[in-house]
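>>> the sequence and its predicted three-dimensional model are supplied below.
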Amino acid sequence: MLDLEVVTAPTAPATDIVSSAELGRHMGLSASLAANAQWANILTDAITDAVDKLDGIGGELNRTLMPRTYQRFITKFPGKDECGNPKPILLPYPPLIRVDAITIEDGSSPENVIDPADYVVKSGMLIPEIHPIAAWPSITAGPRAASITYTAGYSEYPGKLRRMIKFLAAHYCENREATVMEMNKTLIDRKVLFALDDLRAALRISPSYDDWNE
């Protein structure tokens, strides 16, 4: 099972992705109404809830939206593939910003940080990978025998993601109860969900990677 902790949580607000003014325009609100204190709070809360639904560990997209630092623990370094090459370490919840450290923590010696010159980070893939230059070190296998500290998140938020947050946040603003019984509203809700499904299919990353279970 994936053993992952958040080391440093995001410090910026969710409105860095979509501002309350942008959401107000998306919903057709006048600038004066969107700036009204009560409406501004409603819009901000809806954006925050939408981002929380999609972002990071437990989020629907299996992506990191707002930058944060993770620490992934592994019981051992990956073995070799059928060609005898060492398998990579995968880094969940992309996009990757940087790898901060790979640390041996198996108790056989003081903590030992692996020299960055001994591995290569491939960040341009759907799931970022770390490959050893020669081979992974030998360590004593066990719970949290090694860790990878890395920072992930977007420096610029893609249009599809911003549009998805607008759809979802607007839906929260317009439908403040758990159930809507009126027929026209129900049909509108379904159209919103269909639009969200299209964007979710384009952005969501499958969590079913064998390396995540090592």
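Thanks, I have it.

>>> number of nearby residues for K122?
Neighbour count of K122, defined by other CB atoms under 10 Å: 13. (Glycine included, C-beta is placed from N, CA and C.)

>>> now do it, the pLDDT please.
Reported pLDDT at K122 in the predicted model: 95.

>>> tell me the contacts of it?
Each residue near K122 by CB atoms under 8 Å, 6 or more residues apart in numbering is listed here: P88, P128, E129, I130, H131.

>>> partner residues bridging the last one?
In this case it means H131. For H131, the beta-bridge partners are V120 (DSSP bridges).

>>> tell me how far it lies from T75.
According to CB to CB, to the nearest Å, H131 stands 19 Å off from T75.

>>> just the endpoints, please. Distance across stretch 76-90?
Start to finish, the residues bounding stretch 76-90 are 13 Å apart (CA to CA, to the nearest Å).

>>> spatially central residue (nearest the centroid) of this protein, please.
T64 (1.9 Å; CA atoms, centre = their mean).

>>> how close does that residue get to E174?
Using CB to CB, T64 is found at 28 Å from E174.

>>> L90 against S123, yeah?
No. Counting by CB atoms under 8 Å, L90 does not reach S123; the two are 11.8 Å apart.

>>> show me the contacts for the residue nearest to the centre of the chain.
So T64 contacts D55, G56, Y70, Y93, P94, P95, A152, G153, Y154 (CB under 8 Å, 6+ apart).

>>> the last one in helix, strand or coil?
What it means is Y154. Per DSSP: H, G, I helix; E, B strand; the rest coil, the local secondary structure of Y154 is coil.

>>> check contacts around it.
Taking CB under 8 Å, 6+ apart, one finds T64, L65, M66, P67, P95, L161 in contact with Y154.

>>> just the fifth one next, same as before
Going by CB under 8 Å, 6+ apart, P94 touches R63, T64, S123, L126, I127, P128, A152, I205.

>>> looking at this structure, which strand is longest?
strand 96-104 (DSSP state E).

>>> any low-confidence regions in the protein?
For the chain, the stretches with pLDDT under 70 are 108-111, 176-195, 207-214.

>>> which residue ranges form the strands in it?
Remark: strands assigned in the chain by DSSP E are 3-8, 68-74, 89-90, 96-104, 112-113, 119-122, 129-132, 146-152.

>>> quick one: closest of those to L43.
Closest to L43 of the strands of the chain is strand 68-74 (CB to CB; 23.9 Å).

>>> between the closest one and strand 3-8, how many degrees?
150 degrees (axes from the mean of the first three to the mean of the last three CA atoms, to 10 degrees).
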